[in-house]
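Peer 1: Predicted model, plus sequence, below.
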Amino acid sequence: PHGTRVLQQLINYLSSPFLIESFLSAMTPFIVPLLKELNGTHVVQRFTFVYPSYAPYVNNIIVENSPILATHRHGCCVVQKYLETSTGEMLHMLLEKLVCNCLMLIIDQFGNYVIQSILLMNNRDCGNAIAMRITDNVCYYAKHKYSSNVVEKCFDYCDGIVKQKLLYTLMRPEAISDLILDEHGNYVIQKVISLVD
């Protein structure tokens, strides 16, 4: 808590391009670890706020490492914040990276919230892409503690054809009997029932 205040104050007084780039060079290997720390994240945020011309460089590191950050208690909050505040190319790159890694993220205790945040953005292309990735193994994901929540949300945030593929897989007799008796899968079946209600 004290070190982060010192570093943030130091950032305010970097008086030349040489000092700014020296600070950035020293910080670069630690950007991801800093973003995983409750106090450290403020140093990265302060740097990009005071020196916005360097923000694209930092943003690229965040995008590239977003799947790793998304699986961490504090890192997932950083990624969700970027999803809320980014626009244009930055948002596109971040969504693309996270959707490509969604199968790893949906079974993670923190990563699943990042994927749910993407679904809640109501971007049909992303919703469809996530749903298509889980379709082949939707029964497995429906029975998983964390990914079952994502499966439920997919029904709200994907288009009809993709939704039908999910339903078709879930409604097979052997799948239904297995899911009804599962502690997490039964909620997915309840969601399916609510759709045909």
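Peer 2: Thanks, I have the structure now. Predicted model only: the values in this text are computed from it and were never measured.
Peer 1: can you tell me which residues contact the most centrally placed residue in the chain?
Peer 2: Nearest to the centroid of the C-alpha atoms of the chain, with distances taken as C-alpha atoms, centre = their mean, sits Val114, at 3.0 Å. Contacts of Val114 were listed using C-beta atoms under 8 Å, 6 or more residues apart in numbering, and they are 70, 76, 79-80, 83, 98, 105. Placement of C-beta: from N, CA and C, glycine included.
Peer 1: residues of the one helix or strand it maps to that come out buried?
Peer 2: Assigned by DSSP states H and E, Val114 belongs to helix 111-120. Judged by neighbour count (16 or more other C-beta atoms under 10 Å), helix 111-120 contains these buried residues: 111-119.
Peer 1: Please tell me how far the residue nearest to the centre of the chain sits from Ala142.
Peer 2: 19 Å (C-beta to C-beta, to the nearest Å).
Peer 1: One more: Cys126?
Peer 2: 20 Å.
Peer 1: same deal with Ile189?
Peer 2: 8 Å.
Peer 1: ditto for Asp159
Peer 2: Asp159 is 20 Å from Ala142, by C-beta to C-beta.
Peer 1: Look at the two and report which has more neighbours.
Peer 2: Ala142 (28 against 12; other C-beta atoms under 10 Å).
Peer 1: What sits closest to that one if chain neighbours are left out?
Peer 2: Val188 (4.1 Å; C-beta to C-beta, 6 or more residues apart in numbering).
Peer 1: need the contact list for the one you found.
Peer 2: 142, 148, 151-152, 170, 179.
Peer 1: And for Ile115?
Peer 2: The contact partners of Ile115, taken as C-beta under 8 Å, 6+ apart, are 98, 102, 105-106, 130, 150.
Peer 1: so what pLDDT did it get?
Peer 2: At Ile115, the model reports a pLDDT of 97.
Peer 1: for Ile180, what are its contacts?
Peer 2: Applying C-beta under 8 Å, 6+ apart to Ile180 gives the contacts 186, 189.
Peer 1: For Lys191, see how far away it is.
Peer 2: For Ile180, the distance to Lys191 equals 13 Å [C-beta to C-beta].
Peer 1: can you check Leu14 too?
Peer 2: From Leu14 to Lys191 the distance is 52 Å (C-beta to C-beta).
Peer 1: try Met90
Peer 2: 33 Å.
Peer 1: next one: Ile61
Peer 2: From Ile61 to Lys191 the distance is 37 Å (C-beta to C-beta).
Peer 1: So for the two, which sits in the more crowded spot?
Peer 2: Lys191 (18 against 15).
Peer 1: Go through the helix or strand encompassing the more buried one and flag the buried ones.
Peer 2: In this assignment (DSSP H and E), Lys191 forms part of helix 185-196. For helix 185-196, the buried set under the neighbour-count rule, 16+ other C-beta under 10 Å, comprises 185, 187-189, 191-192.
Peer 1: as a whole number, average confidence for it?
Peer 2: On average, the pLDDT along helix 185-196 is 86.
Peer 1: starting at the chain centroid, how far to that helix?
Peer 2: 25 Å (C-alpha atoms, centre = their mean, to the nearest Å).
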